[in-house]
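I'd like to go over a predicted model; first the sequence, then the structure.
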Amino acid sequence: MDTYITKAMRLIDDATAGLTPAQLENAPEGKWTAAQVLEHLARAFGTSAKAMELALEKPQPTVRALTIKDRVGISLVTGLGYFPEGRKAPAITVPGDNPRGPETVQRIKENLARCGKAIDACEAKWGSSNRILDHPVLGPLTPSQWRKFHFVHTRHHMKQVRERSAFVASRSATV
């Protein structure tokens, strides 16, 4: 598995190690719970994997033309590793209201591994410099850009998981 996918898996392992169901399933008012953050990522990984698996059935990847806006976004996220705050998640990746924490932790790991394998298969079929699939916000990405995107996206959300779990732990300590 690619180092960015491996690093993303480590981030997930580190952020979720030892979390209690309460830490996974509670959050400040108006925020996603840690379990919802994990469910969002599990859906993102699963959606990417499925789209790539479907793309592999075609002789060539079908991607749209790269725009200047795409180039800027791709440079920020996959070049500089910057993930902007406050953007709404694509509808397909929005978590449900009450995902179960332990099941979500398992699902995120399975979907990330599946996504890594799909990226590897696309790269093996079409090469490392070809854009293999359109990201819904960033536009068409190469295999290495997909890997880096998923790492940067994971890093962004594992920070949220740690913040949510610390919030719940601090509230428990004051009760």
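Alright, I've got the coordinates. What you see is a predicted model; the values in this text were computed from it and never measured.

dump the residue contacts of the residue nearest the centre of the chain.
Centre of the chain computed as the mean C-alpha position; nearest residue by C-alpha atoms, centre = their mean is residue 41, 4.2 Å away. By C-beta atoms under 8 Å, 6 or more residues apart in numbering, the contact list for residue 41 reads 12, 108, 111-112, 153-154, 157. Yep, even glycine has a C-beta here, placed from its N, CA and C like the rest.

now a PyMOL select for only the buried ones of those residues.
Paste this into PyMOL to select the buried members of the contacts of residue 41, with burial taken from 16 or more other C-beta atoms under 10 Å:
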select buried, resi 12+108+111+112+153+154+157
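
any idea which element the residue nearest to the centre of the chain lies in?
helix 34-55 (DSSP states H and E).

surely residue 27 is within a helix?
No. Assigned with DSSP: H, G, I helix; E, B strand; the rest coil, residue 27 falls outside any helix and is coil.

need phi/psi at it.
phi -160, psi 160 (degrees, to the nearest 10).

test my guess that it contacts residue 167.
Yes. With contact defined as C-beta atoms under 8 Å, residue 27 counts as touching residue 167 (6.9 Å).

tell me which residues in the one helix or strand in the chain whose mean pLDDT sits lowest are buried?
Every helix and strand in the chain was compared by mean pLDDT, DSSP states H and E; the lowest is helix 21-25, with a mean of 89. Buried residues in helix 21-25, defined by neighbour count with 16+ other C-beta under 10 Å: 23-25.

okay, those in a markdown table with distance to residue 80 next?
Converted to a markdown table, the buried residues of helix 21-25 look like this (distance: C-beta to C-beta, whole Å):
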| residue | distance to residue 80 |
| --- | --- |
| 23 | 31 |
| 24 | 31 |
| 25 | 34 |
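
of the residues you listed, which is the nearest to residue 162?
residue 23 (9.9 Å; C-beta to C-beta).

excluding its backbone neighbours, what's nearest the closest one?
residue 165 (4.0 Å; C-beta to C-beta, 6 or more residues apart in numbering).

circling back: just the contacts of residue 41: which are in helices?
Of the positions in the contacts of residue 41, 12, 108, 111-112, 153-154, 157 sit in helices, assigned by DSSP state H.

out of those residues, who's nearest residue 58?
Taking these together and measuring to residue 58 by C-beta to C-beta, the closest member is residue 111, at 22.3 Å.

how close does the closest one sit to residue 57?
20 Å (C-beta to C-beta, to the nearest Å).

kindly report the same for residue 146.
In terms of C-beta to C-beta, residue 146 sits 18 Å off from residue 57.
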